[in-house]
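>>> Sequence and predicted model, in that order:
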Amino acid sequence: MWASSRFASSLRVACLALAAFALAGIATAYAESGPIRFNVLKAGFIVGGSGGSGSFSLNGRTYPISIGGISYGFTFGAANTRFSGTVSNIRRPQDVAGVYAAAGAGAAVGRGGGAIVLTNQNGAVLRLSGRQSGLIVAADLNGMVISLR
C-alpha cells in the first residue's frame with residue numbers, strides 16, 4: 001500500500017512538471033520574430049548623435065521605425081551603418097519600441113562590419129549585423145532609441 005501511494009505521488013509530481021513545461025513552451029511559442037533593417041548616421045566630437053530610419057516585419061506586415069541616439073565619451077568623426085538582422089521575443093509591434101543601450105569601442109576607416117545583440121526594456125532582442133562606411137573613432141557609452149512611425 002505504501003509503495004503504491006509513493007508511486008501515485010511521484011506520478012502526480014511528474015504530471016505537474018510536464019504541465020508546467022508545456023505551459024512555458026506555449027508562452028515562449030507565443031513570442032514572435034521577424035526581419036529588421038535600418039540605416040544609422042552617427043557623427044560627433046566628444047558628444048555624438050545618431051539618427052536613422054528603417055523597418056521591421058511581423059506576421060506579414062511591415063512597420064516603419066525611427067532611430068535616434070546620443071553618445072558620450074571619446075567620439076570623433078562620422079559614419080553611416082546599414083544594419084540588418086532579426087528582432088525576436090516580441091508579442092506585438094510596440095514591443096520593438098524602446099531604449100537599447102550598449103557600451104563599446106571601435107574604429108572604422110572606409111568600410112567595416114560587425115555584429116551586436118541588444119535588448120530593450122520590453123524584452124525585445126535585436127540580433128544585428130552591420131556594414132559601416134565613413135571615418136569614426138569611438139570609445140563611448142551609447143544609447144539608441146527605436147520608435148514606431
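Arrived safely.
>>> switch to C-alpha atoms for all contacts and neighbour counts from now on
OK.
>>> residues of the longest strand anywhere in the chain that come out buried?
Longest strand of the chain, by residue count under DSSP state E: strand 61-90. If you call a residue buried by 16 or more other C-alpha atoms under 10 Å, then strand 61-90 has these buried ones: 65-90.
>>> Give me the contacts around stretch 66-82.
37-54, 108, 130-149 (C-alpha atoms under 8 Å, 6 or more residues apart in numbering).
>>> so where is this protein shaky, pLDDT-wise?
Using pLDDT under 70 as the threshold, the predicted model of the chain has low-confidence ranges 1-29, 101-114, 138-142.
>>> domain assignment for it?
1-30, 32-148 (automatic domain parsing).
>>> Who's the closest spatial neighbour of Arg82, skipping the chain neighbours?
Beyond its immediate neighbours in the sequence, the residue positioned closest to Arg82 (C-alpha to C-alpha, 6 or more residues apart in numbering) is Asn39, lying 4.5 Å away.
>>> Tell me who's in contact with the one you found.
Taking C-alpha under 8 Å, 6+ apart as the definition of contact, the neighbours of Asn39 are Gly52, Ser53, Gly54, Asn80, Thr81, Arg82, Phe83.
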